[in-house]
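Undergrad: Here is a sequence together with a model predicted from it:
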Amino acid sequence: MHVILYILLGLMAGSALAASDPPSCSTSKSCPKEYPCCSEGTCGTGTYCLGGCDPRMSYSLDACTPKAVGQNRTFSWPNLDNAALNTKYLGNASESDWEYSGSPKLKDGNIILTMPKNSVGTLVSSTHYMWYGKIAADVKSSRGKGVVTGFILMSDVKDEIDFEWVGSDLENVQTNFYFQGITNYRIDEILTAHLKFPDTNGDKLSTSDNTYSSWHHYEINWTPQAIKWSVDGTVKRTLTKKSTWNATANRYEYPQTPSRMQLSLWPAGRASNAQGTIDWAGGEIDWNAADIRDHGYYSATFANITMECYEPPAGSGDGHRSYAYLDKKGLESSVLVTNNNTVLPDMGHTGLNMGTGNSSSSSSSGSDSGDGPSTTSTSSKSGSTEFVQYANNAPGQVPQNVWLAAVVLLFSMIIS
């Protein structure tokens, strides 16, 4: 009896340790089936399987949920009713235009991203994805060394196109692009530690006046052939797809997969960050600067945000609701436009066992919403076991049903 008791206690302790230390993931290490979705290098269920879930590193291609196809929109902010906290968003893009972390605020119909003292800032992401198109916004950036504002297109396989404002340089805006997150650092800059830009994909564009005190209009026009960055109606930079050819890898290293729009304010100059990042951001953040003392936070303001979606590439499927991946190459040819559901029943589910999603809220929104249950499917869903929810438990906390089952089993064995 004592042996069984020790074994059960050991298993329970092991479960606690496992819950506090979720599996990691990378291009060389996929997630396990119990926590099949890879998001930002960590495996899990629920929210891990939604926006940002990387199919290349997940347990299988269908562990990540399909993503809602974008619509032409001009976004207004009378309130935050159209935005969901990222820990509560379940994939229903009909109910929420945005998901967010941090503490966004509203003023005069505009959205303000805030970064209180010692926080990690605010990130707001569109719930619809676009596969080529145009995004635009009027922006007043934040200010201060180490403080960075971002206006970004980001795909689940880390294709990225961005504007970034470094708070110590208010006369310029930086532009960058990445293919699957691959960086190309300049050797001369690494040796001299003078990081003019993070890597060779970056470029700096001048503005007519201060980016913090004055509104400027920024636009990214993304097509299969080229990317154009515009400031106040003038094209300031153009990148062609053909210029990104990598003969060694035999591919174009060009952003080419469905992406969501992101607005961000983040502490690049946080003391715990890599020194190169801190140097690029102008130095460490002053958490006692005037903005913190006077307002309680650093801030950046966005207005007149628009999304215009172009037609998907030819031969990419005849669906109209969601995007799904066919292979782990992460290329344009890897993506299919489907009619598949995008909604999880709860945070314990994954793309492997989505069920019917939120049928009550999505059925009234129309078939073009990209969410809710579908009558047709172009990809199979494997697995039927409901995985233990990890995302809703604090670090070190074992889900309640696991503890309850263990206690009941232990008690029954003791009294017998």
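TA: That came in fine, so what should we check first? Note that the coordinates shown come from a computational prediction; the quantities given were computed from them, not determined experimentally.

Undergrad: how close does the nearest residue to K105 once chain neighbours are set aside sit to F302?
TA: In this structure, K105 finds its nearest non-sequential neighbour in I112, 4.4 Å apart by CB to CB, 6 or more residues apart in numbering. C-beta: built from backbone N, CA, C; applies to glycine. I112 sits at a distance of 8 Å from F302 (criterion: CB to CB, to the nearest Å).

Undergrad: ok, the residue nearest to K105 - contacts?
TA: Residues counted as contacts of I112 (CB atoms under 8 Å, 6 or more residues apart in numbering) are P104, K105, L106, S299, A300, T301, F302.

Undergrad: can you give me the mean pLDDT across the helix or strand hosting the fourth one?
TA: S299 is located in strand 297-309, with elements delineated by DSSP states H and E. With pLDDT averaged residue by residue, strand 297-309 scores 98.

Undergrad: T223 reaches Y132, doesn't it?
TA: Yes - assessed by CB atoms under 8 Å, T223 is found in contact with Y132 at 5.6 Å.

Undergrad: just the strands in the stretch 1-150 of the chain please.
TA: Across the stretch 1-150 of the chain, reading from the start of the chain, the strands by DSSP state E, counting those that start in this stretch fall at 37-39, 42-44, 67-68, 73-75, 83-85, 98-101, 105-107, 110-116, 122-126, 133-140, 147-155.

Undergrad: Dump the ones you listed into a markdown table; add distance to F179 and mean pLDDT as well.
TA: Below are the strands of the stretch 1-150 of the chain laid out as a markdown table (distance: least, CB to CB, whole Å; pLDDT from 0 to 100):
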| stretch | distance to F179 | mean pLDDT |
| --- | --- | --- |
| strand 37-39 | 18 | 97 |
| strand 42-44 | 23 | 96 |
| strand 67-68 | 19 | 98 |
| strand 73-75 | 27 | 96 |
| strand 83-85 | 30 | 97 |
| strand 98-101 | 25 | 97 |
| strand 105-107 | 35 | 96 |
| strand 110-116 | 27 | 98 |
| strand 122-126 | 20 | 98 |
| strand 133-140 | 18 | 98 |
| strand 147-155 | 10 | 98 |
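
Undergrad: how about those in CSV, adding distance to E219?
TA: Converted to CSV, the strands of the stretch 1-150 of the chain look like this (distance: least, CB to CB, whole Å):
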stretch, distance to E219
strand 37-39, 29
strand 42-44, 34
strand 67-68, 23
strand 73-75, 13
strand 83-85, 23
strand 98-101, 19
strand 105-107, 23
strand 110-116, 18
strand 122-126, 16
strand 133-140, 4
strand 147-155, 10
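
Undergrad: Would you quantify the distance from A226 to G282?
TA: Look at A226 and G282: by CB to CB, they are 31 Å apart.

Undergrad: quick one, which of those two is more surrounded?
TA: Here A226 and G282 are set side by side on neighbour count (other CB atoms under 10 Å), and the busier one is G282, at 18 against 14.
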